[in-house]
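A.B. asks: The following comprises the amino acid sequence and a computationally predicted model.
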Amino acid sequence: MLKIYNSLTREKQEFVPITPGRVRMYVCGMTVYDYCHLGHARVLVVFDMVQRWLRASGLEVCYVRNITDIDDKIIKRALASQESISELTSRFIRFMDEDAVALGVEKPDHEPRATEYIPQMLELIGRLEKNGLAYRAAGGDVNFSVRKFPGYGKLSGKSLDDLRAGERVEVDAGKEDPLDFVLWKHARQGEPFWPSPWGEGRPGWHIECSAMSSELLGTHFDIHGGGQDLQFPHHENEIAQSEGAHRGRFVNYWMHNGFVRVDDEKMSKSLGNFFTIREILEKYDPEVLRFFILRAHYRSPLNYSDRHLDDARQALSRLYTALKTVPGAIVAIDWNERHAQGFRKAMDDDFNTPEACALLFDLAAEVNRSHSSQLASQLRSLAGLLGLLQRDPQVFLQATPVDGGEISAARIESLLAERMAAKQRRDFAAADGIRNQLRAAGIVVEDGAGGSTWRRA
RNA sequence: GGCGCGAUAGCAAAGCGGUUAUGCACCGGAUUGCAAAUCCGUGUAGGUGGGUUCGACUCCCGCUCGCGCCUCCA
């Protein structure tokens, strides 16, 4: 039985879908004005893992991850780079797709773009106005009135008065309450706009997700996810909008993944301490990055450093080494087997991937001991539920670095042949010389019963 | 200032009121021409002060330190 930590109730709860056997899940995706960084990688991988486990549990999943393709920063960037907004956003959507594919992230069932849902947003704003929750401000914006929505703050655990006390930000003059947020921004010079009953303008950020989720998943759905930093105000505002407009429950389970940190500080655009996914992939295999993310629990902070990725690479190599020795097929998992049972128990406990990974290592040790191809297949198939270990072990272990490496595979093979000849005439000095030469070039030679193999250190 | 999260061995990271987490690194042994890989084994933990308990890393309270949100952010 699956349990999920619900940010709304602050406890692990048994997961009961609204419609038996079916899950509707929405995750806040990217605002596409720049390359994805490691924080984005974490959201992509974490909710991909969630989605995979829900399906593996026999549930039919409808997974929606949106794309914000209109927003202040996008407009600013497009201006700066002298290109149209759609040129800019489609470029970065393409980069995002490439990153996601590299990380083994499966396509969501829907990837709605905000600009394609303007009518739904207008409809929603209209409902909010009719329900007395939205008002036209002096400057021409339409704002949401937080004081009129009872329960504002229930997700983030904040009270309006505490928030007001902590207010340190310049307040827009048109707001009745400093915490009111904009639903529709009136058109400004040189910015894109759409017609609306409230005049030409463009949507506020928060209304986008409310509109896209209700259009694709209905007004009440099972899981809503995103990064921890979206809990307030973004998700709080989504609740206010969606429940305020439809007068009913919005989301049953809220899931928030922890931050990626650098030197114990949050990695973020505003702090400027971020690493892009493609930067990391210049040095590390994408599967290493995926494994690095999944070997920590999704709610814990994840500290990034080269050292930790090196560590993850070594660990993943251990799993692939077991499969190199005893090839495993991708098969139906034997859920009665001990490791599979532990794996399921871990995953059912709020997606405890570190525990699930530990089971994979136990299983790998068992494979090494027993040389059982059944267990190797079990290992490969279980890991597949996390999107890991699906490649040919040799391909992983011998993968050529982006910089090309110091030595080509062909050169390695020819040196190994030379070394084999030296070994056969028992000229160990020559054989060891070649091995040392390879070692210096980052290649580890391993002699086995069936000859020598190599891998990158 | 308000609200919240965390502190586990050299590093990373989980579960668990009493019995080996796991990975990397390290040490001893087996194996190997020597290595590597693998196997076997040892060692290194639970911020701090109290409390509850037969027994606490695990529950409760205080303290210290770290982090996050309160503003765009995954």
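C.D. replies: That came through fine. This one's a predicted model, so the numbers in the text were calculated from it and none came from an experiment. Numbering: from 1, shown residues only, chains lettered A, B, ... in the order given.

A.B. asks: Only C-alpha atoms from now on, for both contacts and neighbour counts.
C.D. replies: OK.

A.B. asks: Averaging pLDDT per element, find the lowest-scoring helix or strand in chain A.
C.D. replies: Sorted by mean pLDDT, DSSP states H and E, the helices and strands of chain A end with helix A:160-165, the least confident at a mean of 77.

A.B. asks: Residue A:292 contacts residue A:309, correct?
C.D. replies: Yes. With contact defined as C-alpha atoms under 8 Å, residue A:292 reaches residue A:309; the gap is 6.6 Å.

A.B. asks: Phi, psi for the residue of chain A found nearest RNA strand B please.
C.D. replies: Nearest residue of chain A to RNA strand B, counting by C-alpha to the nearest atom of the strand: residue A:227, 2.5 Å away. In terms of degrees, to the nearest 10, the main-chain angles of residue A:227 are phi -70, psi 150.

A.B. asks: Check residue A:308 too.
C.D. replies: Dihedral angles (degrees, to the nearest 10) for residue A:308: phi -70, psi -30.

A.B. asks: Which residue is the nearest non-sequential neighbour of residue A:255?
C.D. replies: Once flanking residues are discounted, residue A:255 sits nearest to residue A:225: 4.6 Å by C-alpha to C-alpha, 6 or more residues apart in numbering.

A.B. asks: same check, this time on residue A:287
C.D. replies: Nearest non-adjacent residue to residue A:287, counting by C-alpha to C-alpha, 6+ apart: residue A:103, 6.3 Å away.

A.B. asks: can you check residue A:34 too?
C.D. replies: According to C-alpha to C-alpha, 6+ apart, the nearest residue to residue A:34 is residue A:92 (6.2 Å).

A.B. asks: got it, and residue A:344?
C.D. replies: The shortest distance from residue A:344 to any residue other than its chain neighbours is 7.7 Å, reached at residue A:356 (C-alpha to C-alpha, 6+ apart).

A.B. asks: ok so the one you found is a helix residue?
C.D. replies: Yes. Under DSSP: H, G, I helix; E, B strand; the rest coil, residue A:356 sits within a helix.

A.B. asks: Okay, it and residue A:362: tell me how far apart.
C.D. replies: Between residue A:356 and residue A:362 the computed distance is 10 Å (C-alpha to C-alpha, to the nearest Å).

A.B. asks: again with residue A:391
C.D. replies: Summarising the geometry, the distance separating residue A:391 from residue A:362, computed by C-alpha to C-alpha, is 20 Å.

A.B. asks: Residue A:290 now?
C.D. replies: Between residue A:290 and residue A:362 the distance is 20 Å, computed by C-alpha to C-alpha.

A.B. asks: More neighbours: which of those two?
C.D. replies: Set residue A:290 next to residue A:362 and count neighbours by other C-alpha atoms under 10 Å: residue A:290 wins out with 23 against 15.

A.B. asks: ok, the more buried one touching residue A:44?
C.D. replies: No. Here residue A:290 does not reach residue A:44: they are 9.8 Å apart, not a contact under C-alpha under 8 Å.

A.B. asks: Now list whatever residues contact both of these two.
C.D. replies: Here residue A:290 and residue A:44 have no joint contacts, going by C-alpha atoms under 8 Å, 6 or more residues apart in numbering.

A.B. asks: Report the buried residues of the one helix or strand residue A:324 maps to.
C.D. replies: Element membership for residue A:324, per DSSP states H and E: helix A:306-325. Within helix A:306-325, the residues scored as buried using 16 or more other C-alpha atoms under 10 Å are A:309-310, A:312-313, A:315-324.
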